[in-house]
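J.: Sequence first, then the predicted structure, then my questions.
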Amino acid sequence: MRRRLAVLALAALAVVAAGCAIPTESAPSTMPPSKVPFDLLNPHPPTTTTTQPKPSSYVAVQVFFLNATNVMTPVQRFVAAPAPLSAVITSMLAGPTKAETTKGLTTAIPSNVSVLSATTQAGIVTVNMNAAFGAITGTNIELAVAQIVATVCAENGPTTGVLFEIDGQRISVPIANGSQVNSPVYLFDFL
């Protein structure tokens, strides 16, 4: 009895499977136009287009400039994601826009200064600048250091320390009390 049921089940399964098969013909045949799927008879096939990659997304960051009384003033910039710290500093080094300049914002950093790298380790950011940074003198060097420290702290948090290098060599920088520091400087050193 079991064997008969198994044979009947297999036969039923074979009939069902045969109904799902694709029919075949011995020779090619033509199909009437009414049976052709939509748009396959179009004499002008569609052209292919290449999709351009989406432009990188941008993130808002804060950089710092100086107002008319040399007070640090935050300004929003947009930097391509993922916005590495060197790119954020570079956006600050580009200086204020014309609109920001008309509002009285300036920078203590000359346009020939650039950041070579910015690395973070254990809450300390080392900012490596080009030789033009070393040519900044007078009160402008203190203001330039303050701009960079404020910009770094806006990205990494207010307790971040900043070391300065020129072409990979550590340098001393001035802080607000007039002393030169060869160790990390902090935002509170300029308040």
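T.: Received it, and whenever you're ready, just let me know what you need.
J.: Please make it C-alpha for all contacts and neighbour counts, starting now.
T.: Fine.
J.: what are the ranges of the strands in this protein?
T.: With strands called from DSSP state E, the chain shows them at 58-66, 72-80, 115-121, 124-129, 161-166, 169-170, 173-174, 180-181.
J.: How far off centre is the last one?
T.: Right, strand 180-181. 34 Å (C-alpha atoms, centre = their mean, to the nearest Å).
J.: what's the answer for the fourth one, then?
T.: Going by C-alpha atoms, centre = their mean, the spacing between the C-alpha centre of strand 124-129 and its chain's C-alpha centre is 20 Å.
J.: since we're on residue 145, how many residues are nearby?
T.: Around residue 145 sit 21 other residues, with neighbours defined as other C-alpha atoms under 10 Å.
J.: rewinding a little: of all the strands of the chain, which lies closest to residue 136?
T.: Closest to residue 136 of the strands of the chain, according to C-alpha to C-alpha: strand 173-174, at 11.0 Å.
J.: ok, that closest one: who's next to it in the sheet?
T.: Next to strand 173-174 in the sheet, as set by DSSP bridges, lie strand 180-181 (antiparallel).
J.: Could you list the buried residues of stretch 163-176?
T.: Using 16 or more other C-alpha atoms under 10 Å as the test for burial, stretch 163-176 gives 163-167, 171, 173-175.
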